[in-house]
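Engineer: Sequence first, predicted coordinates after that:
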Protein chains: 2
Amino acid sequence: MSDERVEAAMERIRANGGRATVDRRAVLEALVRNADHATAEELAELVRAELPDCNLATVYRTLELLERLGIAFHVHLGHGPSQWHLAEAVHHHLVCDECGAVVEVGDHVFDPLRRRILADTGFVLDPHHFSLSGRCARCVAVSPSSTSGSGPARR
Amino acid sequence: MSDERVEAAMERIRANGGRATVDRRAVLEALVRNADHATAEELAELVRAELPDCNLATVYRTLELLERLGIAFHVHLGHGPSQWHLAEAVHHHLVCDECGAVVEVGDHVFDPLRRRILADTGFVLDPHHFSLSGRCARCVAVSPSSTSGSGPARR
DNA sequence: GTAATTGCAAAGCTTTTGCAATTTA
DNA sequence: TAAATTGCAAAAGCTTTGCAATTAC
């Protein structure tokens, strides 16, 4: 179950003066195992499969550390808790306001926008922390132009 | 202080079976007065200038109503509370992870991306609810490639 | 041994909600 | 008057934090 990505990350933690603890390794493994996005709570659940006593606060603290080191990132997908994923999985999220579906798109789709924004404003778009909303193909097909619909999928 | 946009919105509320109350008008006026984005708390503050007893819960409920009617929208700009603005001011926010600066860009900048995503996935990007992050021109100039920097502007 | 990390419990902050009192139409 | 809206206070949901106990180095 140990992954070279996990080892590399532990290495970076240590290189940064941090300590290589069991809990941190477990959080990393949970992130690797759950290739997609997961909430802190979900990750804690995964971690507890191996480390029954792992505390949610520790998961939060570890995620914060991993983000500081550029190993993991979080995104706010509409409402609800943040979603976490490994930095390597660079993709972006289109969240449907109506049904809550999440469509992922590769980073390269943003290249023209990135260039345009850089040229216009000097702003460098972060390749990780995107989250766009709108309406997914299915909801558009069902009711092409509803403004309110049954309301966005909140909470 | 009364604005034709306020009147039009009150009209829509009434047309939708809602009631034209003092509080709702006050929230609308606060949104108009504060052309840019503001949090619910900030709007409540503005409202209280005229309506000292206006309750925060009422502001939240009014904003929810306005959003349902397509009159106002909220965005999650990184961390902290949601930011609200009138629907007419269609613009998007680039939030600097390092210093927290917010750079606004017009909606048209997204047109090519919008077309591309529609073609690829059928997803219709919402013109309002965007929020992108990255690093602003100033921060990039200061330290062209810091990963951690002094850390993103949290909370 | 010492400094970093963890667990626990409590608090913080934003937002929502139940219900009685008030206001609008 | 009837139905919608408000105020209040409490709760909910996510996240952070203080501090004593534990663990890594």
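Structural biologist: Sure thing, it's come through.

Engineer: From here on, just use CA atoms for contacts and neighbour counts.
Structural biologist: Will do.

Engineer: Name the residues of chain A found near DNA strand D, please.
Structural biologist: Within chain A, the positions adjacent to DNA strand D are A:14, A:19-22, A:39-41, A:56-57, A:60-61, A:64, A:80-82 by C-alpha under 7 Å from any atom of the strand.

Engineer: Wait, A:V75 touches A:V95, no?
Structural biologist: No. Contact criterion C-alpha atoms under 8 Å: A:V75 and A:V95 do not qualify, at 11.5 Å.

Engineer: which residues are common contacts for the two?
Structural biologist: A:S131 (C-alpha atoms under 8 Å, 6 or more residues apart in numbering or on different chains).

Engineer: three-state assignment of A:L43?
Structural biologist: Three-state assignment for A:L43 (DSSP: H, G, I helix; E, B strand; the rest coil): helix.

Engineer: ok, it - contacts?
Structural biologist: A:L43 sits next to A:V27, A:A30, A:L31, A:V59 when contact means C-alpha under 8 Å, 6+ apart.

Engineer: Quickly list what the residue most central in space within chain A is bridged to.
Structural biologist: The centroid of chain A falls nearest to A:W84 when counting by C-alpha atoms, centre = their mean (3.2 Å). Beta-bridge partners of A:W84, counted by DSSP bridges, are A:A38, A:H74.

Engineer: what about the strands in chain A?
Structural biologist: For chain A, the strands defined by DSSP state E cover A:72-75, A:83-86, A:91-96, A:102-106, A:124-125, A:132-135.

Engineer: Throw those into a markdown table and include distance to A:A141, thanks.
Structural biologist: A markdown table is the format used below for the strands of chain A (distance: least, C-alpha to C-alpha, whole Å):
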| stretch | distance to A:A141 |
| --- | --- |
| strand A:72-75 | 28 |
| strand A:83-86 | 28 |
| strand A:91-96 | 13 |
| strand A:102-106 | 16 |
| strand A:124-125 | 32 |
| strand A:132-135 | 10 |
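
Engineer: could I get those as JSON lines with mean pLDDT?
Structural biologist: Formatted as JSON lines, the strands of chain A follow (pLDDT from 0 to 100):
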{"stretch": "strand A:72-75", "mean pLDDT": "90"}
{"stretch": "strand A:83-86", "mean pLDDT": "91"}
{"stretch": "strand A:91-96", "mean pLDDT": "81"}
{"stretch": "strand A:102-106", "mean pLDDT": "83"}
{"stretch": "strand A:124-125", "mean pLDDT": "88"}
{"stretch": "strand A:132-135", "mean pLDDT": "83"}
